[in-house]
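J.: okay, sequence plus prediction incoming.
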Amino acid sequence: MLTCKECVHYDACHRASREIPAESCKTFKNKTDIVEVIRCKDCKHLKIINTDKIYAVCEAPVLTQFYPFEIDTRKHFCSYGKNKEED
């Protein structure tokens with residue numbers, strides 16, 4: 001049986017001191033269902049160009065161009081994401 005400790009909201013939830021079953025909670029979200037992604041802004045494939053016509057280019061296996069005021073690199077992600085701080 002899943003309880004509060006398996007929920008992504010565990011640290012912020014006021015009910016965390018009372019272990020209640022997941023099926024009794026309206027805000028329960030299982031930690032194991034969450035997949036971490038690398039956002040474009042943090043990806044090593046993103047090259048900022050910042051011209052009038054093109055904001056950035058993604059050099060992952062599928063070339064993507066980011067035009068000003070279209071796709072937000074702070075929120076966008078894809079399956080090719082690699083953290084720019086990792087080798």
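T.: Right, received. Where do you want to start? For clarity, every value in this text was computed on a predicted model and none was experimentally measured.

J.: going forward, measure contacts and count neighbours with C-alpha atoms only.
T.: Fine.

J.: low-confidence stretches in this structure?
T.: The model of the chain has pLDDT under 70 over residues 14-20, 87.

J.: quick one: the strands in it?
T.: Per DSSP state E, the chain carries strands over the ranges 46-48, 56-58, 64-66.

J.: for residue 83, find the nearest of the ones you listed.
T.: strand 46-48 (10.3 Å; Cα to Cα).

J.: residues making contact with that closest one?
T.: 40, 55-59 (Cα atoms under 8 Å, 6 or more residues apart in numbering).

J.: top of the residues you listed by neighbour count?
T.: residue 40 (24 neighbours; other Cα atoms under 10 Å).

J.: what residues does residue 43 make contact with?
T.: Applying Cα under 8 Å, 6+ apart, the residues contacting residue 43 are 81-84.

J.: got the contacts of strand 46-48 as JSON lines, with distance to residue 24 columns?
T.: As requested, those are arranged in JSON lines below (distance: Cα to Cα, whole Å):
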{"residue": "40", "distance to residue 24": "37"}
{"residue": "55", "distance to residue 24": "47"}
{"residue": "56", "distance to residue 24": "46"}
{"residue": "57", "distance to residue 24": "46"}
{"residue": "58", "distance to residue 24": "44"}
{"residue": "59", "distance to residue 24": "46"}
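
J.: state the distance from the residue positioned nearest the centre of the chain to residue 54.
T.: The residue lying closest to the centre of the chain (Cα atoms, centre = their mean) is residue 37, at 4.3 Å. Separation of residue 37 from residue 54 (Cα to Cα, to the nearest Å) stands at 24 Å.

J.: same question for residue 41.
T.: In terms of Cα to Cα, residue 41 sits 15 Å off from residue 54.
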